[in-house]
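Participant: next input, structure requested:
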Amino acid sequence: QGTRDHPPAQAALRDRLLSAVVSCFKRHGAAAIDTPVLELRDTLVGKYGEGAKLIYELQDQGGELLALRYDLTVPFARYLAMNKITKMKRYHVAKVYRRDNPATTRGRFREFYQCDFDIAGQFDPMIPDAECLKIVHEILSDLQLGDFVIKVRLGGFSVPQWETVVIVLWFYTIALAVTLRPDPEVHPTSLPPHGVCAKAGLQLGHALSWEYQDLARGLDYYTGVIFEAVLLQQENEHLEEPGSVGSVAGGGRYDGLVGMFDAKGRKVPCVGVSIGIERIFSILERRLEASGEKLRTTETQVLVATPQKHLLAARMKLISELWDAGIKAEMLYKKDPKLLKQLQYCEDTGIPLAAIVGEQELADGVVKLRDVATRKEVRM
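Facilitator: Numbers count the residues shown, from 1 in each chain. All right, here's what the predicted structure looks like:
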């Protein structure tokens, strides 16, 4: 059916992935927003080209036509227009829905998460576009997914002002020189001067625009730079597509979209990127299974345990104090659990510490803190 449940281990991996992506967005100064999962059908139609046939359409009891959001970009443009916002840097993490043929092995579902970063407003040419490319590079590098290629198509320019286009090429070349080639001889100061870069940028722009004509096809709202990040196939990975695992991020400039929702057609230039979380998640999930690593599903710091019977009240008092102090703590929901079972629970779930309170500890007014991994104990 193109949807799936996520057991605790998968949910923990997903949370870790989303946290890494959102951390990057926040590092670049973006503010979070949220929009409804339901939109008026007329809000979505006419914005996606071939993708329009994949929109889930609904009808309420009164006959009004609605639709589940297809992506996070069109709702963002509608939000800007409705609230008359002309400048904003935002991120949005939410589920979207597409009436597509699911391919679970490739991370394609009918219900899936998107993680979007967008910059709206009138700024000097190509500077926000460059930041979006940098964000893609940062996220894919931080996740250590392996080699990747970012394809760029420089289109939508009414005049050949390549001196503005070269800003993004220069910015991105510096990032690659520093991050991907840690060679002391390769340094931003040793890159060609601006004039040479401009000429190279012109040639590269032509090459990219011809080589990647198919980027972001099916989306009618792109008006300028379009880019897509593709992971290259890693050694020992058996994948359906030889040479790559498909797109893991994409985006571009959509200067006319906000104007479609404004009564006077007022435009707000925008550029953004969407991270393909589901495909990245599928890759990380396979690698985790192959490594045999066990991922913790909770963040519990300490288990409150007792070695003797009739000490439930002592456990509940101690765990209440820990919770009030902001410490993540658990205890077994059994009146008189055996100490061995309590310690085994710590090992099974990865809880690093056990706070043991027995009759002697109560008499002395202390707690015995046990390191589960080393079995060392200290009274405190």
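
Participant: lowest confidence element among the helices and strands of this structure?
Facilitator: Within the chain, no helix or strand scores below helix 194-211, which has a mean of 40 by mean pLDDT, DSSP states H and E.

Participant: and after that helix, which helix or strand comes next?
Facilitator: Next helix or strand after helix 194-211 toward the C-terminus (DSSP states H and E): strand 226-232.

Participant: what pLDDT, on average, does the next helix or strand after that next one get?
Facilitator: Where DSSP H and E defines the elements, the next helix or strand beyond strand 226-232 is strand 244-253. The average pLDDT within strand 244-253 is 83.

Participant: buried residues in strand 244-253?
Facilitator: Using 16 or more other CB atoms under 10 Å as the test for burial, strand 244-253 gives 245-253. C-beta: built from backbone N, CA, C; applies to glycine.

Participant: list the helices and strands that strand packs on?
Facilitator: Where contact means 3 or more CB pairs under 8 Å, 6 or more residues apart in numbering; DSSP states H and E, strand 244-253 is packed against helix 127-142, strand 226-232, strand 270-275, helix 277-291.

Participant: okay, these in JSON lines with mean pLDDT next?
Facilitator: Listed next are those as JSON lines, based on pLDDT from 0 to 100:
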{"stretch": "helix 127-142", "mean pLDDT": "94"}
{"stretch": "strand 226-232", "mean pLDDT": "89"}
{"stretch": "strand 270-275", "mean pLDDT": "96"}
{"stretch": "helix 277-291", "mean pLDDT": "90"}
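
Participant: would you map out the domains in the protein?
Facilitator: Using the TED database, the domain parsing of the chain gives 8-291, 302-379.

Participant: so which of those is nearest Gln1?
Facilitator: Between Gln1 and those, the shortest separation by CB to CB is 7.1 Å, and it involves domain 8-291.

Participant: what distance separates the opening and closing residues of that closest one?
Facilitator: 18 Å (CA to CA, to the nearest Å).

Participant: same question for stretch 46-54.
Facilitator: 12 Å.

Participant: now it: how far from the chain's centre is it?
Facilitator: Distance of stretch 46-54 from its chain centroid, counting by CA atoms, centre = their mean, to the nearest Å, is 24 Å.

Participant: as JSON lines, the domains of the chain with distance to Gln1 would be great.
Facilitator: As requested, the domains of the chain are exported to JSON lines (distance: least, CB to CB, whole Å):
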{"stretch": "domain 8-291", "distance to Gln1": "7"}
{"stretch": "domain 302-379", "distance to Gln1": "32"}
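
Participant: going by mean pLDDT, which of these comes out lowest?
Facilitator: When the domains of the chain are compared on mean pLDDT, domain 8-291 scores lowest, with a mean of 78.
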